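Trainee: the following block contains a protein sequence and its predicted model.
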Amino acid sequence: MDIFKEIRQILVELLDVDEKEITTDTYLVRDLCAESIDFLELAVSLNNRFAIEINDDDLFLRNLRLYIQNIPDSQDRLAGLTGRFPFLSTKRIAEILADLDQGPVLKVKDLIAYIEWQTKSKKAA
């Protein structure tokens, strides 16, 4: 199964966008103008399609900025966020930290990483 293609199809249907607009580096809010209701529908669609548990706060990085504020030393942020978002690579977390000032940071590749992580967790259980 190609997770990216499945997510892209869900986003095309939910957000009424052309699939050519969606790559793994597409921002959900900045590029696709996703809103909170879209995230709710996306979570339900991902849960149904992949039969995995969806934690909205983790999947959509909702508490990211709060976690960052609670880790005062920038040296510790990378490790702290890796613990909070185990589905994201250290490289991706570093990208997110460098990109925070530009606005919402959630990308399609973060959804893919979450689904892959949940799928592996489900198989291991």
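Mentor: Here it is on my side, so go on. Numbers count the residues shown, from 1 in each chain.

Trainee: switch to C-alpha atoms for all contacts and neighbour counts from now on
Mentor: Noted.

Trainee: packing partners of the helix or strand bottoming out on mean pLDDT in the chain?
Mentor: Least confident helix or strand, the chain: helix 74-84 with a mean of 86, by mean pLDDT, DSSP states H and E. Packing partners of helix 74-84 (3 or more CA pairs under 8 Å, 6 or more residues apart in numbering; DSSP states H and E): helix 64-69, helix 90-99.

Trainee: now the strands for the protein?
Mentor: With DSSP state E, there are no strands along the chain.

Trainee: what about residue 60, how many neighbours?
Mentor: Per other CA atoms under 10 Å, the neighbour tally for residue 60 reads 20.

Trainee: ok, the residue lying closest to it once chain neighbours are set aside - contacts?
Mentor: Closest residue in space to residue 60, ignoring its immediate chain neighbours: residue 106 at 6.7 Å, by CA to CA, 6 or more residues apart in numbering. Applying CA atoms under 8 Å, 6 or more residues apart in numbering, we find residue 106 in contact with 27-29, 60-61.

Trainee: highest neighbour count among these?
Mentor: Counting neighbours by other CA under 10 Å, the top entry in those is residue 28, with 22 neighbours.
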